[in-house]
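> Model the structure of this input:
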Amino acid sequence: AYLCFSVSSESHPNLNPSLSLSSAFFKIKPNPHHHHRPSPHPSFHLQEMIGAFTSRFTQEQTWDWFERAGVKLKVEEDGRCFPVTDRAETVAGALREAAKRAGVVLELGARVTALDRRGEDEKGTGQELERQALWSVHVQRKQKSGAAEVLAADAVMLATGSSPLGYQLASQQGHSLLKTMPSLFSFRLARGHALEGLQGVTLSDVELTLAQSASKTKTNGKRMGANKGNKTHIQRGSLLITHRGVSGPAALRLSSFAAVDLRDCRYMGELQLRCLPDETLEKVRQTLQQKFVAGNGLVSGGANSKYPFAKQIPRRLWAALAEEATHGRHPCARWSDLRKEEMRRLCDLLAGQGLSLPFRGKDTNKEEFVTAGGVDLKEVDLRTCESKRCGGLYFGGEVMNIDGVTGGFNFQSCWTTGFIVGEAVGRAFASD
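As a prediction, this is how the structure comes out:
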C-alpha cells in the first residue's frame, strides 16, 4: 500500500516543469538587515493564514532548502527571488532529485478519477487487518484502456492547483467550496480613456482606487481589504500603462484584494488614478499657482519646457492630464491663459479625486494566473493542512482558498503547505 498518495493536476506522461519564472518562484520581503536573505514572514491577505501557518517553512527556510539542493538564488530589488540561471528547469530539476532521494514514486500519465474512504466495517478488526489502508484511489492510466486501477493509501493529499479535478474530489468528501475567481490581473480600460497612446509609460508611485457604488458590491469580511459598507479598495505602488489598460504592482495588488467585488461587478467599473498620492490638494494648488504667475510656458510642457512635478509624472502623461483639464485645448494653452475652472480641474486630477479610468475587462499578467477561492480554510486544520471533515485527507497549495499579492507568494504557499503535510503525515505514521 502507498503510505501517502499525492494527487496533482499533472497527468502528462513526461514531467515537464510547469512553473513559470515570469514572476518569481517565490517572493520575499527584502530584509533590511541583510540584502541577500529573505525576511521570515510571508505576505498573504487572508486572516486565517496569520499564525502557525506563516511561521512554518518560511521564505528564509525555503531559501535554505533550495540552496542545499544546489539551486543558487538571487533577489531582485523588488524582492522577487529567482535561480541565478533564470530557468524554471533548475527549480523543477531540484524538486525531482529531492523526491527521488526520498523514495517518492512518481506515477505520471495517470489520472485520479475517484477517492473512496474505507469505512470501519470494511477495514474490519483483528491483528491481520490492523494495517489496512484508509483510502482507495481510483487511477486511470493514459497508456491503458479499460477499468481504472485501484490503489490503497493511508493518507491522500490534494495538490491540484486550480484544476477542477481537485475541487471535485474535495466536494465528494464533503468539503465546501468557495467560488473560484481570477486574482492578479491587469485592467483593460474602455475605449477612449485618457491614457490611450501612452503604452510603456511607468509611474513609480501612484494611488489606484476601485470606485464602485455600494449597490454593486458585496461585503466579505473574510478577505482583508474587502469592502465593508462603503469602503473602497485602494492600493499604492508603481503602475505601467499598457496598450490595453494598466498593469504593474498597484493594479495587480488591487485585483487581488478586490477579487470578490470585481467578480461581482463583472469586471466593469471605474478606477481613479492619483499621480501624487503624497501631495495635498493645497500643496498642489500652490505649486501650480506659482507656475501660473510666471505665465510664460505651455501648460502641457511642450517638447522641452519645464512643467510641475516632473520627477513624479512623465512628460507624455502630464500632457494627457493637461488635455483632460483643458478639454483638448492644451497644445496652445499657456499658464497665463488658464481658466479658473481648468486650474481647479488640474489640481483635482493630480491630488484630489484623480483621473477617472473606466474599465471593461481584465487581462492575465504575462503567463501568470492565480485563482482565489477553493476549499474553505475553515474546514482545514492549518497546523497540519488536514481536513476537519475527513481524517487522512490533506490539502496543499492553491486548491485551498489561498492567493497572495504576487505569484511568488502563491509558490511559497505550495512550498509551505507541502512541508506541513509531509511533516504531519510523517508524525501520524511514525509508530507504524
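> Which parts of the helix or strand hosting residue 421 count as buried, going by neighbours?
Using DSSP states H and E, residue 421 sits within helix 407-428. Buried residues in helix 407-428, counting neighbours by 16 or more other Cβ atoms under 10 Å, are found at 407-422, 424-425, 428. Just so you know, the C-beta spots here come from the backbone N, C-alpha and C atoms, and that holds for glycine as well.
> Once you drop chain neighbours, what's closest to residue 357?
residue 271 (4.3 Å; Cβ to Cβ, 6 or more residues apart in numbering).
> so what's that neighbour bridging to?
residue 210, residue 357 (DSSP bridges).
> what's the burial count for it?
24 (other Cβ atoms under 10 Å).
> cool, and residue 183?
25.
> Wait, it touches residue 259, no?
Yes - judged on Cβ atoms under 8 Å, residue 183 makes contact with residue 259 at a distance of 4.6 Å.
> Show me the common contact partners of the two, please.
Counting by Cβ atoms under 8 Å, 6 or more residues apart in numbering, the shared contacts of residue 183 and residue 259 are 372, 403.
> which regions of the stretch 1-150 of the chain sit below the pLDDT cut-off?
Along the stretch 1-150 of the chain, the parts satisfying pLDDT under 70 run over 1-5, 9-54, 78, 119-132.
> what do you get for the stretch 251-400 of the chain?
293-296, 329-331, 365-369.
> repeat that with 90
252-253, 256-260, 263-264, 288-308, 326-339, 363-373, 382, 398 (pLDDT under 90).
> can you give me the strands in it?
Assigned by DSSP state E, counting those that start in this stretch, the stretch 251-400 of the chain shows strands spanning 268-274, 355-364, 370-375, 380-381, 386-387, 393-395.
> Same check on the stretch 101-250 of the chain?
Under DSSP E, counting those that start in this stretch, the stretch 101-250 of the chain gives strands at 110-117, 135-141, 149-159, 177-183, 185-189, 202-211, 233-241, 245-247.
> Out of those strands, which is closest to residue 275?
strand 202-211 (5.6 Å; Cβ to Cβ).
> elements contacting that closest one?
strand 233-241, helix 249-257, strand 268-274 (3 or more Cβ pairs under 8 Å, 6 or more residues apart in numbering; DSSP states H and E).
> Extract the CA atoms of the shortest one and return them as CSV.
C-alpha atoms of strand 268-274 as CSV (Å, rounded to 0.1, in the frame of the first residue of the first chain):
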residue,chain,number,x,y,z
MET,A,268,-16.7,46.5,-15.3
GLY,A,269,-16.4,49.7,-13.3
GLU,A,270,-14.2,52.7,-12.8
LEU,A,271,-10.7,53.3,-11.4
GLN,A,272,-9.4,56.5,-10.0
LEU,A,273,-5.7,57.3,-10.5
ARG,A,274,-3.9,59.8,-8.3
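> Which strands or helices does that strand pack on?
strand 202-211, strand 355-364.
> Just say which of those is most tucked in.
Of all the helices and strands packed on strand 268-274, strand 202-211 has the most neighbours on average by mean count of other Cβ atoms under 10 Å, namely a mean of 19.
> Identify all contacting residues around it.
Identification of contacts with strand 202-211 by Cβ under 8 Å, 6+ apart yields 232-241, 246, 248, 250-251, 254, 258, 261-262, 269-275, 277-278, 312-314, 317, 354, 356.
> how about a cut-off of 6 Å?
Strand 202-211 is contacted from outside by 232-236, 238-240, 250, 254, 258, 270-275, 277, using Cβ atoms under 6 Å, 6 or more residues apart in numbering.
> Put the buried members of those residues into a ChimeraX selection.
In ChimeraX, a selection of the buried entries from the contacts of strand 202-211 looks like this (16+ other Cβ under 10 Å):
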select :233,234,235,236,239,240,250,254,258,270,271,272,273,274,275,277
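> Quick one, grab the pLDDT at residue 178.
Residue 178 carries a pLDDT value of 91.
> mind listing what it touches?
373, 376, 401.
> Show me the one of the strands of the stretch 101-250 of the chain that comes nearest residue 282.
Proximity to residue 282 (Cβ to Cβ) singles out strand 202-211 among those, at 17.2 Å.
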